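In: Here is my input, please return the structure:
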Amino acid sequence: MTTRKIMASALLSGLAGFCSLAQATDVFRLEGFGAVSRGMGGTAVAHDVGPAGMMTNPATLSLMQEGDQVMGGLDLVTTDIEVRNKNTGESVSSGEHGSNRGPYAAPEVAYTKRFGDWALGVGAFAQGGLGTEYGTGSFLSRATGGLNTGLDNSSRLLVLNIPFAASFKVTDKLSVGGSIDAMWQGLNLNLLLGADQVGSLLTSGRATGSLVPVLAGLPDLRGAHFSLTKNQPLGSGVDSWGYGGKLGVLYKATQETTLGASYTFKSQMDDMQGDATLTAVDGVAGQIPLKGRITIQDFQMPAHVDLGISQRLSTQWMVTADVSRVFWKDVMKDIKVAFVADGGGNINILLPQDYKDQTILSLGTAYDLNEQLTLRGGLRFASQALRSSTLFAVIPATPRTHLSAGLTYAFSKQSKLDFAYSHAFKETMDNNSLPNTSAPIQVSHAQNNATINFRYSF
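Out: The predicted structure is shown next:
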């Protein structure tokens, strides 16, 4: 077993008490890390959010108290996703149709140490992902001509980030920080494409390979189904390792005002690989499964730049604001699929996505009610990165607006419990276009997120 596989097995085993990953909010990215940030609209660039600060601006680790701190936590997300067939009025909801979807849970664990002008940290965080499960009996499982296939339509993407972070206090006003992040991602996908979708991919040059004439030569081709999935709480049909990193700076302009900036680099992930089955669906010959190996090529997490400010209005009251620009256009033009059958033959498919870059505004506030209790609230607004013409039912990463609230209760100076709740307001999007849908669809998506962390300083 390779070193990477040993690392993956150890990490996933350590997370085995959790369900699958939370549905992300900012496309495939979670909208904040740690309950302190989440309760304040995801702001984290220019104020102390504890050890979770290493996921947004590592320089904020210099704001922590001298000594050691450990954090453990959990996100729990429930989604409300519905897809409606605009021609027939039928609808299907994403729900409990399998073993590896919803409600979704994501881990957050970290350790930091601040000594003198230095602060160091290491953690393991769910960075993002998505999850849907539509089962085998909906209109999404019908091939061209209304043929019921009984084939699954579902998805689950999990991205884990393991940052090794450091921050240095250059002066009383200026701190700089950075991290090198080990990253792992895994994908489960079941996707049925109707014959018209397959035909659209062929005529546009998006489907090539020696299996193309084989599919075209079937007497009554109705569709093609890709299955790359493990129906397990943490299993992934394809996965890969890679790395990323961040740089950050923090400047205390006045005693009450702090400015921050950070840059997260585009990930450098290996291609995701694993076993898969391509099933040709024919009206005469029936279902013809071809087992083989599949590769999802060059699937990356985007670079983004974050600017933030925190302002103390009094000794008890603070307000924060972050502005982020996420460069999705650079990483999500197409989903690149390469399949090689065990018996010979291959097919390469480019599924169009054509995402737009995304701008996000986050606003937060915190009020120290007393020495034990801090109350928080926040808002988060994002531009839409997805295009309706390339929306997939199994990738409904559309929510853009959040309202959040949270609190911290200090049991003592050493131990604190953080909690946050956020609601993603329902977002609705239509797609009437080949090749990503056959029937015209309308997808609506809302969700609720509860986050809890325990922090202990020593």
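In: How many neighbouring residues does Thr136 have?
Out: The number of residues packed near Thr136 is 17, by other Cβ atoms under 10 Å. Glycine gets a C-beta too; all of them are placed from N, C-alpha and C.
In: Now name the helix or strand holding it.
Out: For Thr136, there is no enclosing helix or strand under DSSP states H and E.
In: what's the answer for Asn436, then?
Out: Under DSSP H and E, no helix or strand contains Asn436.
In: list the contacts for it?
Out: Counting by Cβ atoms under 8 Å, 6 or more residues apart in numbering, Asn436 makes contact with Gln197, Leu351, Pro352, Ser389, Thr390, Leu391, Phe392.
In: so how many other residues sit close to Arg206?
Out: Using other Cβ under 10 Å, Arg206 is surrounded by 15 other residues.
In: Sorry, wrong one. I was asking about Gly73.
Out: Gly73: 26 neighbours (other Cβ under 10 Å).
In: excluding its backbone neighbours, what's nearest it?
Out: Take Gly73 and drop its neighbours on the chain: the residue closest to it by Cβ to Cβ, 6 or more residues apart in numbering is Asn453, 3.4 Å away.
In: Got phi/psi on that neighbour?
Out: Main-chain torsions, Asn453, degrees, to the nearest 10: phi -130, psi 150.
In: hang on, isn't it packed against Gln69?
Out: No. With contact defined as Cβ atoms under 8 Å, Asn453 does not count as touching Gln69 (11.2 Å).
In: which residues do the two both contact?
Out: Gly50.
In: Who has more neighbours out of the two?
Out: Asn453 (28 against 22).
In: re the thing from before, in helices, which of the contacts of Asn436 fall?
Out: Taking DSSP state H as the definition of helices, the contacts of Asn436 contribute Gln197.
In: Just checking: what are the partner strands of the longest strand along the chain?
Out: Of all the segments of type strand in the chain, defined by DSSP state E, the longest one is strand 174-194. Strand pairing for strand 174-194, using DSSP bridges, gives strand 154-169 (antiparallel), strand 221-228 (antiparallel), strand 238-252 (antiparallel).
In: where are the low-confidence patches of the stretch 201-350 of the chain?
Out: The stretch 201-350 of the chain contains residues with pLDDT under 70 at 233-234.
In: at 90 what do you get?
Out: 230-235 (pLDDT under 90).
In: in it, which spans are helices?
Out: Ranges of helices within the stretch 201-350 of the chain are 212-216, based on DSSP state H, counting those that start in this stretch.
In: As CSV, could you dump the C-alpha coordinates of the helix or strand where Phe381 lies?
Out: Secondary structure assignment for Phe381, by DSSP H and E: strand 373-382. Taking C-alpha atoms only, strand 373-382 is exported to CSV below (Å, rounded to 0.1, in the frame of the first residue of the first chain):
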residue,chain,number,x,y,z
LEU,A,373,-21.5,34.7,27.2
THR,A,374,-20.8,36.2,23.7
LEU,A,375,-23.6,36.6,21.2
ARG,A,376,-23.0,36.7,17.4
GLY,A,377,-24.9,37.3,14.1
GLY,A,378,-24.1,37.6,10.5
LEU,A,379,-25.2,37.9,6.8
ARG,A,380,-23.6,36.5,3.7
PHE,A,381,-24.3,37.5,0.1
ALA,A,382,-22.7,35.8,-2.9
